[in-house]
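Engineer: here is a sequence with its predicted model. Questions after.
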Amino acid sequence: MEQHLNYIIEHYGYIGITILLIGGIVGLPLPDEVLLTYVGFSIFQEKLSYFPSLVSACVGAAGGISLSYFIGYKLGLPLLHKFGPKVHITKHKIDYTRKLFEKIGPAILVVGYFIPGIRHLAAYIAAINNYPFKKFIVFAYSGAFIWTFTFITLGTVLGKDWDKVKLYVSKYSFYLIGLLLLAVVFYFFWKKKIRKQK
């Protein structure tokens, strides 16, 4: 995988980062977090520059999630049920994301990037639920920046320990991000409870 990423970055540079992230967000089975941390590692090696890399990644993530929204808006739920299983998007994941989105839609659009499966479904579910596109952009693009900034910066700062970073990102990030999502969910419910008490 590292060789493939290195080839893409060397031959296609910033455009390659954008295209890969668009594909990854739409649902192609690509290791997005590993890609972003490898971009950071390439910045550490001075193969890439930080700001253009971050911009390219943000454009890719924002472009991918916008494309997913429009696909969901035009083709709807039948598309997910038909083609979802081919890219590991199961009916269980779809139903789970729909229920979660109904409760905490904005949080899902921001934090959902950090969770494989949710990241790929959030925009489709938003469109299917007729979530306003203007509100969608605010939360989805904010999440795109936070997500890309987090992993690119992680790869840059910890570049000398790339092998360890790669291991933790690929194996343990899901659990850490799961805890983060639980914290966000707890915060939203706590805030809602406080409002009701007032």
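Structural biologist: It's in.
Engineer: for Phe101, list the residues it contacts.
Structural biologist: Each residue near Phe101 by Cβ atoms under 8 Å, 6 or more residues apart in numbering is listed here: Ile108, Ala122, Ile125, Ala126, Asn129, Tyr131. Backbone N, C-alpha and C define where each C-beta goes, glycine included.
Engineer: so where is the chain shaky, pLDDT-wise?
Structural biologist: Within the chain, the ranges that satisfy pLDDT under 70 run 1-3, 84, 86-89, 162-198.
Engineer: now with 50, please.
Structural biologist: 172 (pLDDT under 50).
Engineer: in it, which residue is most central in space?
Structural biologist: Tyr113 (2.7 Å; Cα atoms, centre = their mean).
Engineer: and for the residue lying closest to that one once chain neighbours are set aside, the neighbour number?
Structural biologist: Closest residue in space to Tyr113, ignoring its immediate chain neighbours: Trp147 at 3.7 Å, by Cβ to Cβ, 6 or more residues apart in numbering. Neighbourhood size, Trp147 [other Cβ atoms under 10 Å]: 25.
Engineer: and Trp147, what helix or strand is that in?
Structural biologist: Using DSSP states H and E, Trp147 falls within helix 133-157.
Engineer: contacting residues around that helix?
Structural biologist: Contacts of helix 133-157 (Cβ under 8 Å, 6+ apart): 21, 33, 36-44, 50, 53-54, 57-58, 61-62, 65-66, 69, 105-106, 109-114, 122-123, 126, 162, 165, 169.
Engineer: who touches the closest residue to Ile9 other than its chain neighbours in this structure?
Structural biologist: Spatial nearest neighbour of Ile9, excluding adjacent residues (Cβ to Cβ, 6+ apart): Ser42 at 5.5 Å. The neighbours of Ser42, taking Cβ under 8 Å, 6+ apart as the test, are Asn6, Ile9, Leu48, Ser53, Gly155.
Engineer: how close does the last one sit to Val55?
Structural biologist: Which is Gly155. 16 Å (Cβ to Cβ, to the nearest Å).
Engineer: quick one, which of those two is more surrounded?
Structural biologist: Gly155 (26 against 15).
Engineer: still on that earlier bit, mind checking which of the contacts of helix 133-157 are buried?
Structural biologist: Buried subset of the contacts of helix 133-157 (neighbour count, 16 or more other Cβ atoms under 10 Å): 21, 33, 36-44, 53-54, 57-58, 61-62, 65-66, 69, 105-106, 109-114, 122-123, 126, 162, 165, 169.
Engineer: inside helices: which ones of those residues?
Structural biologist: If you go by DSSP state H, the buried ones among the contacts of helix 133-157 have 21, 33, 36-44, 53-54, 57-58, 61-62, 65-66, 69, 105-106, 109-111, 122-123, 126, 162, 165, 169 in helices.
Engineer: report the secondary structure state of Tyr131.
Structural biologist: coil (DSSP: H, G, I helix; E, B strand; the rest coil).
Engineer: residues contacting the closest residue to it other than its chain neighbours?
Structural biologist: In space, Tyr131 comes closest to Gly105 once its chain neighbours are excluded; the distance is 6.2 Å by Cβ to Cβ, 6+ apart. Contact analysis of Gly105 by Cβ under 8 Å, 6+ apart lists Ala126, Asn129, Tyr131, Phe139.
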